[in-house]
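1. what shape does this take:
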Amino acid sequence: MNKIINICIFLIAIHKVGAQSSTLAVADSLYTFGNYSKAIKIYQELKKSSYVNTQIAKAHKALGNSKKAIESYENVLKVDSLNVLVLYDYGKLLFTTGKFEKSLVIFEKLKAKDTLNPNFHYQIGLSKEALQDENYIQSYKTAFTLDAQHQKSIYKLIKNYIETKDFEKAESVIKVGLKNNEDDVKIISFNAQLFYANKQHRKALLWFEKLINRKKATRYIYEKAAFSAYRVGRILKAIDYYEEALKRDKGNYFYHSQLAKLYYQDGVNDKAEHHASQAIVGKMTDPSGDYYILGMVHLDRKEHRKAMKLFNMALEENPDYELAQLRLAQCADNYYSNPKEKLKMYERFSKKFPKAKIEIKKIVNTRIRELKEEIHLKSE
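-> Numbering: from 1, shown residues only. This next block holds a predicted model:
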């Protein structure tokens with residue numbers, strides 16, 4: 001009789017284990033296909049274990065419920081405090097929810113278990129950086145030393161080296177990053193920024209254009225590419241790139257101001273006038289340059305009175321604007337018929353800018369001499 005009872009108990013136990021396994025398989029399947037809420041309900045019906053609690057935590061995390069995910073991870077760690085996989089996920093979740101000190105404690109614990117794991121050092125670096133610990137960069141250096149293909153640590157190191165103007169180290173790490181992946185958009189961007197910081201604008205433009213051609217350019221990239229293009233004399237490219245930057249930040253007075261100058265250089269006066277006006281409307285801190293461009297547009301049109309007014313406005317904003325003072329004198333030269341009025345404007349320039357550029361002083365002095373001769377002849 002006892003033998004029969006034992007057999008029955010054994011069969012019931014096997015049935016329960018089979019049912020548990022079958023239910024777990026269903027829950028795992030739901031989790032795998034992203035049906036997280038249903039998976040959680042089924043996991044909660046099962047006998048609690050490290051695996052089940054971990055799956056519940058992962059499902060809550062996938063749903064965006066960080067609080068419940070953290071609680072579930074902590075339930076696992078109460079009975080399995082050395083579970084490396086759980087500690088790793090738990091530490092990352094703590095970091096993403098802003099619990100930087102707790103995250104640092106977890107990753108320091110993991111590092112103590114495995115000092116050669118580069119990712120543990122990287123995560124420590126993230127937590128320390130968030131906590132503004134001055135020693136954070138050392139963790140990224142260690143991660144990189146342990147694994148030269150750890151691109152995330154490479155990003156952090158390059159960024160730090162560029163910010164601290166340690167360009168030789170930045171260049172060295174960039175080379176490694178590009179060797180790992182020559183198509184890495186972040187490394188390409190850093191390389192462009194490095195050339196830009198070193199004022200190697202031709203090379204900078206080449207690398208900025210790699211991003212532009214890949215459709216990966218941000219407003220910042222277009223802005224820097226535009227300036228580099230301008231510095232190497234590629235005016236039309238500079239215009240195109242500033243226009244693209246402006247599309248991404250409409251109303252940016254700086255871009256309007258740059259476009260005004262470039263369009264004027266390219267002889268497209270209508271567009272130069274438009275962008276200079278927009279820059280002034282945008283209440284630029286110092287709109288003197290835009291008043292100057294507008295003045296030049298009207299000077300080219302031989303609208304000397306309007307041009308004089310605009311050059312005066314430029315000088316009101318910036319009294320030391322040497323070119324504006326020169327153009328004002330040249331406008332007066334064309335506008336006034338009385339040589340004494342003309343002379344007065346050139347002499348005002350000489351008095352105000354005794355240390356003007358040599359080529360400008362030559363123009364002014366020559367014209368002063370000519371006007372004095374004209375006045376003298378008329379008096380005779």
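2. report pLDDT for the spatially most central residue of the chain.
-> When the chain is reduced to its mean C-alpha position, the closest residue under CA atoms, centre = their mean turns out to be residue 220, at 5.9 Å. Listed pLDDT for residue 220 reads 96.
3. after the helix or strand hosting residue 257 comes which helix or strand?
-> Assessed by DSSP states H and E, residue 257 sits inside helix 253-265. Next helix or strand after helix 253-265 toward the C-terminus (DSSP H and E): helix 269-281.
4. now that next one and helix 253-265, what's the angle there?
-> Taking axes from the mean of the first three to the mean of the last three CA atoms, to 10 degrees, one finds helix 269-281 and helix 253-265 inclined to each other by 160 degrees.
5. separation between the residue nearest to residue 149 when sequence neighbours are not counted and residue 144?
-> The spatial neighbour of residue 149 that comes closest, neighbours along the chain excluded (CB to CB, 6 or more residues apart in numbering), is residue 180 at 5.1 Å. C-beta here means a position set from N, CA and C on the backbone, and glycine is covered the same way. Taking CB to CB, to the nearest Å as the measure, residue 180 and residue 144 are separated by 11 Å.
6. what sits in contact with each of these two?
-> Overlap between the neighbourhoods of residue 180 and residue 144 consists of residue 154, taking contacts as CB atoms under 8 Å, 6 or more residues apart in numbering.
7. sorry, back to before: and the residue nearest to residue 149, how far from residue 172?
-> Here the criterion is CB to CB. By it, residue 180 lies 14 Å from residue 172.
8. what's the answer for residue 201, then?
-> Separation of residue 201 from residue 172 (CB to CB): 22 Å.
9. show me where pLDDT drops low in the stretch 1-150 of the chain?
-> Judged against pLDDT under 70, the low-scoring parts of the stretch 1-150 of the chain cover residues 1-21.
10. as a check, name the ranges of all strands in it.
-> Here the stretch 1-150 of the chain has no strands by DSSP state E, counting those that start in this stretch.
11. can you give me the helices in it?
-> Listed in chain order, the helices of the stretch 1-150 of the chain (DSSP state H, counting those that start in this stretch) span 2-32, 36-45, 50-63, 66-79, 84-96, 100-113, 118-130, 136-146.
12. so which elements touch the helix or strand the residue nearest to the centre of the chain falls within?
-> Secondary-structure element containing residue 220, defined by DSSP H and E: helix 219-231. Contacting helix 219-231 under the criterion 3 or more CB pairs under 8 Å, 6 or more residues apart in numbering; DSSP states H and E are the following elements: helix 185-197, helix 201-213, helix 235-248, helix 253-265.
13. ok, 7 Å please
-> Contact partners of helix 219-231 among helices and strands, from 3 or more CB pairs under 7 Å, 6 or more residues apart in numbering; DSSP states H and E: helix 185-197, helix 201-213, helix 235-248.
14. quick one: closest of those to residue 157.
-> For residue 157, the closest of the helices and strands packed on helix 219-231 is helix 185-197, at 9.9 Å, according to CB to CB.
15. pull up the per-residue confidence for residue 176.
-> As summarised for this prediction, residue 176 has a pLDDT of 98.
16. which residues touch it?
-> Residue 176 sits next to 148, 154 when contact means CB atoms under 7 Å, 6 or more residues apart in numbering.
17. tell me which helix or strand it sits in.
-> Since the elements are taken from DSSP H and E, residue 176 ends up inside helix 167-180.
18. next, the buried residues of that helix.
-> Residues 170-171, 173-174, 176-178 are the ones in helix 167-180 that count as buried (16 or more other CB atoms under 10 Å).
19. isn't residue 194 right up against residue 170?
-> Yes - assessed by CB atoms under 7 Å, residue 194 is found in contact with residue 170 at 5.4 Å.
20. identify the contacts common to those two.
-> Taking CB under 7 Å, 6+ apart as the contact criterion, the common neighbours of residue 194 and residue 170 are residue 162.
21. please save the CA atoms from the helix holding residue 176 in PDB.
-> The C-alpha trace of helix 167-180 is given here as PDB (Å, rounded to 0.1, in the frame of the first residue of the first chain):
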ATOM      1  CA  PHE A 167      46.000  66.800 -30.000                       C
ATOM      2  CA  GLU A 168      48.800  64.300 -30.400                       C
ATOM      3  CA  LYS A 169      47.100  61.800 -28.100                       C
ATOM      4  CA  ALA A 170      43.800  62.500 -29.800                       C
ATOM      5  CA  GLU A 171      45.300  61.800 -33.200                       C
ATOM      6  CA  SER A 172      46.900  58.600 -31.900                       C
ATOM      7  CA  VAL A 173      43.600  57.200 -30.500                       C
ATOM      8  CA  ILE A 174      41.700  58.300 -33.600                       C
ATOM      9  CA  LYS A 175      44.000  56.200 -35.800                       C
ATOM     10  CA  VAL A 176      43.200  53.100 -33.600                       C
ATOM     11  CA  GLY A 177      39.500  53.900 -33.800                       C
ATOM     12  CA  LEU A 178      39.600  54.200 -37.600                       C
ATOM     13  CA  LYS A 179      41.600  51.000 -37.900                       C
ATOM     14  CA  ASN A 180      38.900  49.200 -35.900                       C
END
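22. lovely, talk soon.
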